[in-house]
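Engineer: could you work out the structure for the sequence below:
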Amino acid sequence: MLREDAVAQLVEVFRQYGYEGATLARLSSATGLGKASLYHHFPGGKEEMAAAVLDYLRHKLETGMLAPLRSEGDPSERLQAMARSVDTYYNHGQQACLLAMLALGEANGLFQTQIQQALNRWIDSLAGVAMDAGVEAAIARQRAEDAILQIQGALILAKGLGDTAPFQRVLQALPGNLLAV
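Structural biologist: Model (predicted):
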């Protein structure tokens, strides 16, 4: 198994169990690699695995969710394209946010910089779309932060209620909330 293939499997373990719950046994089981093979691919252990997972997420964020926001065209259509990508990435609201799972507990101290950078890239991209639509910069930034709050909160609510409707509602309302003049 290639390291890249292993990382894709590790994503799901960290997303489901967080850093503390991602035991070596779970990581080994998810990848099908023995502990020695895991350490061969990730000599830095679980911390290196989580860092590789965050790098994988950064790539997905840049190529999936942020690419439509940074494209040309109608701001509402760009936001709708991002919302579709977000919907797909979070399996229609059924998957937890990896950034949220790694922002809790011990992992926050280890990966705070990477998490902060990822969230700021997303916020900045959303704010850029709002500014392209004529929203003043400070308001655009606040609305972008609110959009991330709503997406993250909706993921938690959807998981807790066992109902993805709140997540879908937030994604549908996103363009109107962010672009309102």
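Engineer: helices and strands of this structure: which one has the lowest mean pLDDT?
Structural biologist: Of all regular secondary-structure elements in the chain, judged by mean pLDDT, DSSP states H and E, the least confident is helix 98-102 with a mean of 89.
Engineer: what residues does stretch 129-149 touch?
Structural biologist: By CB atoms under 8 Å, 6 or more residues apart in numbering, the residues outside stretch 129-149 that reach it are 69, 75-76, 78-79, 119, 122-128, 174, 177-181. C-beta: built from backbone N, CA, C; applies to glycine.
Engineer: for stretch 86-95, that is, sorry about that
Structural biologist: Stretch 86-95 has contacts (CB under 8 Å, 6+ apart) with 15, 60, 64-65, 97, 151, 154-155, 158-159, 164, 166-168, 171.
Engineer: pull out the buried positions in it.
Structural biologist: Within stretch 86-95, the residues that count as buried by 16 or more other CB atoms under 10 Å are 86-87, 89-90, 93, 95.
Engineer: kindly reformat these as TSV containing secondary structure.
Structural biologist: Compiled in TSV, the buried residues of stretch 86-95 are given as follows (DSSP: H, G, I helix; E, B strand; the rest coil):
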residue	secondary structure
86	helix
87	helix
89	helix
90	coil
93	helix
95	coil
